[in-house]
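> Sequence plus the predicted model coming up.
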Amino acid sequence: MPTSAGPGKEILIAVMGVTGAGKSYFIREVTGNSGVEVSSGLHSCTSKVGSYSFEHAGAKVTLVDTPGFNDTTRTDSEVLTEICDWTSETFKENRLLSGIIYLHSVTNVRMDGSSVKNLRMFQKLCGRGALRNVFLTTTQWSKVTDQAEGEIRERALCEERNFWGLLIERGATLQRFHGTRESGLKLIDQLMSNQPEALDIQDQIVTQKRTIVETDAGQFINAELIAQEKKYKEEIESLERECQAAIKEKDEEMRELIAEERARAQKKLEKAVDEKRRLEEMHAEEMRRRDIEKQRDEERRKEEQRETQEKLEKAEAEKRRKEEQHAEELRKQEEREERRIREERERAAAEARRLEELHAVQIREQQEREARIRSEEQEKSTADLKLTTELHAAQMREQQEREARIRSEEQATAAAERGRLQSMNQSLLEEIRRKEKKRGIGFNIGPVGFGIDF
């Protein structure tokens, strides 16, 4: 089952291998793009890195076709430069490879020198960290007449540490491509869930700022060219000795054969020397560009330092201005605060004076009111006393008058009573006298009372 990727996500997969392994064919079948040119023989049809995208499992899958290092029309240094340029650009764009499908035809009876060299270059390009995302894939199984023989060749590739054995030990995975789109998509599906990894060549070129010759892959090519130059020189020297021997023996046919062989060796030597020279020139040019870039970087750094210094000075000046402004604001604030405190104190003092004056007025009014009250009370007390005295005097007079009236009334009553008693006595005496007269008894009546005489 394919791993579903988020909308807009790009899955970047490189397809690598020797010329004739079927890289372009794989890409044409998987993408369905009939415009992908496929070689019909050992001559490469991929002269530069090409990208082919298609939609799959909700993601944009981009397959990258790369030229092989055994290219028939381009030198290894040119191919390396092409690959370095592409990988560097994608690395700068933060587009990392989710996987690499390294193709090798199972029809090859043995790993020839170009295949081994191509594999070594592949190792130098990848490094150990990216091997976990590498599929070592055998192709062209339909061309194998004996399936068992093909499996023996595949097993030999995996078991031999100089071929695929070491790569598998370090994390690479063995796969097969059976020439169909379905078979290719199965490989794509497995790579889609991988964590993208940077290649060593990307880290060395972009991060470490190495020239191509200074990279592991560049050093490998340079070492190969030095070895080839030495080999062809030794071969030419040997052929020259053989040619001299043929001349001595007057063997014209052998001399011509040796001369032709020497010419081919000389051509290979010149090609190796020329490529080594171009590699050195490329290195010198890259060094010059790097020096120029370094100088520009230094100038940019100085300019940035100058701008930074100016910014710092401006920031410092702005800081001082703000500090002065802040100090001025603080001073004004302190002045305002002092003025406010002074005004508050003045208002408080004025209020205190007003309150004191008010209190004094209140005290004075209170004293006047109390004095008035005391005066009124005294006047009232005097009036009350006078009234009381007068009332008492009146009451005394009334009492005296009442007592006098009572005495007078009592006297009058007593007089009336005496008169009544006297009248009664008189009446009684007269009654007694009458009775006594009738009985013959005499009474002596004095001026105040009376007495009976027997």
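Perfect, thanks for sending it.

> And residue 140, how far from residue 26?
11 Å (CB to CB, to the nearest Å). In this view, the C-beta of every residue, glycine as well, is placed from N, C-alpha and C.

> go on, residue 101?
Look at residue 101 and residue 26: by CB to CB, they are 7 Å apart.

> Where do the strands of the stretch 351-454 of the chain begin and end?
442-445, 450-453 (DSSP state E, counting those that start in this stretch).

> picking up where we left off before, show me whatever sits in contact with both of residue 101 and residue 26.
15, 177 (CB atoms under 8 Å, 6 or more residues apart in numbering).

> Residue 408: neighbour count?
11 (other CB atoms under 10 Å).

> More neighbours: which of residue 140 and residue 26?
Under the criterion of other CB under 10 Å, the comparison of residue 140 against residue 26 puts residue 26 first, with 26 against 20.

> got a list of contacts for the host helix or strand of the more buried one?
Counting by DSSP states H and E, the element that carries residue 26 is helix 23-31. Helix 23-31 is touched from outside by 15-17, 33-34, 36-39, 45-46, 52-54, 63, 65-66, 68, 101, 103, 139, 177, 179-181, 184-185, 188, with contacts defined as CB under 8 Å, 6+ apart.

> Can you pull up the most central residue in this protein?
In the chain, the centroid-proximal residue (CA atoms, centre = their mean) is residue 94; its distance is 21.5 Å.

> Assumed it was part of a helix.
No. Assessed with DSSP: H, G, I helix; E, B strand; the rest coil, residue 94 is coil; it does not lie in a helix.

> could you measure it against residue 214, distance?
For residue 94, the distance to residue 214 - CB to CB - is 24 Å.

> Over to residue 257?
43 Å.

> Show me where the chain dips below the pLDDT cut-off.
1-8, 37-47, 72, 109, 440-454 (pLDDT under 70).

> Where do the strands of it begin and end?
In the chain, the segments counted as strands under DSSP state E are 10-17, 50-56, 59-65, 99-105, 134-139, 173-176, 442-445, 450-453.

> Make a markdown table from the ones you listed and add mean neighbour count and distance to residue 197 to it.
Below are the strands of the chain laid out as a markdown table (neighbours: other CB atoms under 10 Å; distance: least, CB to CB, whole Å):
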| stretch | mean neighbour count | distance to residue 197 |
| --- | --- | --- |
| strand 10-17 | 23 | 11 |
| strand 50-56 | 15 | 19 |
| strand 59-65 | 21 | 15 |
| strand 99-105 | 24 | 9 |
| strand 134-139 | 24 | 10 |
| strand 173-176 | 17 | 14 |
| strand 442-445 | 12 | 178 |
| strand 450-453 | 11 | 175 |
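
> Include distance to residue 282 when you put these into a markdown table, please.
Shown next, in a markdown table, are the strands of the chain (distance: least, CB to CB, whole Å):
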| stretch | distance to residue 282 |
| --- | --- |
| strand 10-17 | 22 |
| strand 50-56 | 23 |
| strand 59-65 | 23 |
| strand 99-105 | 25 |
| strand 134-139 | 28 |
| strand 173-176 | 35 |
| strand 442-445 | 197 |
| strand 450-453 | 194 |
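
> Neighbours of residue 147, how many?
10.

> check contacts around the nearest residue to it once chain neighbours are set aside.
The shortest distance from residue 147 to any non-neighbouring residue, by CB to CB, 6 or more residues apart in numbering, is to residue 141 (7.9 Å). Applying CB under 8 Å, 6+ apart to residue 141 gives the contacts 106, 147, 150, 176, 177, 178, 179.

> Of those residues, select the buried ones using a ChimeraX command.
Buried members of those, defined by 16 or more other CB atoms under 10 Å, are picked up in ChimeraX with:
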select :106,150,176,177,179
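
> Out of the contacts of residue 141, the closest to residue 358 would be?
residue 177 (110.7 Å; CB to CB).

> That closest one and residue 11: what is the separation?
18 Å.

> ok, now residue 427?
In terms of CB to CB, residue 427 sits 170 Å off from residue 11.

> same thing with residue 406?
For residue 406, the distance to residue 11 - CB to CB - is 146 Å.

> related to what we said a few turns ago, what do residue 140 and residue 26 both touch?
Common neighbours of residue 140 and residue 26 (CB under 8 Å, 6+ apart) do not exist.

> From what I see, residue 204 and residue 212 are in contact.
No. Residue 204 is beyond contact range of residue 212, at 9.2 Å (criterion: CB atoms under 8 Å).

> what residues are up against residue 217?
80, 84, 121, 124, 125, 201.

> Also residue 91?
Counted by CB under 8 Å, 6+ apart, residue 91 has contacts 198, 202, 205, 206.

> how many neighbours does the nearest residue to the first one once chain neighbours are set aside have?
Read that as residue 198. Counting by CB to CB, 6+ apart, residue 96 is the residue found nearest to residue 198 once chain neighbours are left out, at 5.7 Å. By other CB under 10 Å, the residues close to residue 96 number 18.

> wait, residue 287 sits on residue 211?
Yes. Using CB under 8 Å, residue 287 is in contact with residue 211, at 6.1 Å.

> domains for the chain, by residue range?
1-208, 211-331 (automatic domain parsing).

> Pipe the ones you listed into a markdown table and attach distance to residue 356 per row.
A markdown table is the format used below for the domains of the chain (distance: least, CB to CB, whole Å):
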| stretch | distance to residue 356 |
| --- | --- |
| domain 1-208 | 84 |
| domain 211-331 | 36 |
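
> give me the number of residues near residue 197?
19.

> Quickly note the distance from it to residue 85.
20 Å.

> Which of the contacts of residue 91 are buried, as a ChimeraX select command?
Remark: buried members of these, expressed as a ChimeraX selection using 16+ other CB under 10 Å:
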select :198,202,205,206
